[in-house]
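> below: sequence and its predicted model.
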Amino acid sequence: MYPRLILLTLLIGVCPLFGGDYQLDPKQSIFAVVTQKAGFAAALAHNHFIAADPVTVNISCEADPATLQLSFSTQVEDLIVDDPTRTQTWTPRVQALSFLNGEFSEVSEKDSGKIRKAMLGKKQLQADKHKEITAKLVSVTAKDGKQGSVAFSHQLEMDITITGKTVRKTILANIALEGNRLNIEAFTPLAFSEFDIKAYSAAFGAVANEDTFYLLVHLEAEGT
């Protein structure tokens with residue numbers, strides 16, 4: 001039995017001194033969540049790294065980061081489960097954030113297909129009814145935070161919509177601008193129950209997903 005999954009992805013931007021629009025560098029960016037196994041037979045389950053590719057995003061703002069305007073969307077059919085290259089690339093950052101119990105294990109292509117089918121099914125993302133996941137930035141605040149060994153400099157308020165339900169979340173973020181290029185890192189825990197989704201559970205809870213899952217974003221973009 002494999003845990004059923006849910007994916008939430010979002011994109012975050014920042015203002016340069018001169019203001020303007022940005023274009024995402026998809027090869028240097030990741031928009032993903034991590035789900036975590038649970039239950040007393042968790043050894044039979046897996047932690048999962050799920051990414052969205054491609055994504056649609058609009059970013060613009062003036063000199064003050066508070067003027068940032070951001071919207072994001074992805075099709076639920078564009079979710080990628082346990083891609084080995086992505087998982088290996090981002091595992092060191094997951095470890096630095098210190099939220100995951102255990103490690104990522106190798107998942108066969110066949111099992112990834114089963115996991116993805118469950119993720120898109122009626123008890124999770126309901127892909128037949130809700131084809132899109134969206135997020136919209138509400139505000140940016142300069143405020144320090146920390147997760148694991150990673151220090152953060154900002155908090156973002158985002159409205160996140162999954163399966164038709166919108167939840168406002170506070171997200172830790174780092175914002176860096178080098179010339180005309182911006183780098184953003186963002187992290188927050190979320191919960192299946194916040195979106196009226198019951199976390200996967202089987203064998204009377206022996207094999208399950210935790211209700212909490214984790215958003216991980218690294219964004220690189222260039223001014224246009």
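Sure, I can see it.
> what packs against the longest helix along the chain?
The residue-count maximum for a helix in the chain (DSSP state H) belongs to helix 84-97. Contacts defined by 3 or more C-beta pairs under 8 Å, 6 or more residues apart in numbering; DSSP states H and E place helix 84-97 against strand 30-38, strand 48-52, strand 207-223. The C-beta positions use only the backbone N, C-alpha and C, and glycine is treated the same way.
> CA atoms only: put the first one into PDB for me.
Translated: strand 30-38. Output in PDB follows, covering the C-alpha atoms of strand 30-38 (Å, rounded to 0.1, in the frame of the first residue of the first chain):
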ATOM      1  CA  ILE A  30      11.500  24.100  -8.000                       C
ATOM      2  CA  PHE A  31       7.900  24.200  -6.700                       C
ATOM      3  CA  ALA A  32       7.200  21.100  -4.600                       C
ATOM      4  CA  VAL A  33       5.800  19.500  -1.500                       C
ATOM      5  CA  VAL A  34       7.000  16.700   0.600                       C
ATOM      6  CA  THR A  35       4.600  14.200   2.200                       C
ATOM      7  CA  GLN A  36       5.700  12.100   5.200                       C
ATOM      8  CA  LYS A  37       4.800   8.600   6.100                       C
ATOM      9  CA  ALA A  38       3.200   7.700   9.400                       C
END
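> quick one: mean pLDDT over it.
The average pLDDT within strand 30-38 is 87.
> picking up where we left off before, how about the helices and strands packed on helix 84-97, which one is nearest Leu97?
Relative to Leu97, the nearest member of the helices and strands packed on helix 84-97 by C-beta to C-beta is strand 207-223, separated by 7.5 Å.
> quick one: the strands in the protein, in order.
Per DSSP state E, the chain carries strands over the ranges 20-24, 30-38, 48-52, 56-61, 69-75, 79-81, 132-147, 150-162, 165-178, 181-191, 201-202, 207-223.
> make a markdown table from the ones you listed and add mean neighbour count to it.
Shown next, in a markdown table, are the strands of the chain (neighbours: other C-beta atoms under 10 Å):
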| stretch | mean neighbour count |
| --- | --- |
| strand 20-24 | 16 |
| strand 30-38 | 24 |
| strand 48-52 | 25 |
| strand 56-61 | 19 |
| strand 69-75 | 19 |
| strand 79-81 | 21 |
| strand 132-147 | 16 |
| strand 150-162 | 19 |
| strand 165-178 | 16 |
| strand 181-191 | 19 |
| strand 201-202 | 17 |
| strand 207-223 | 21 |
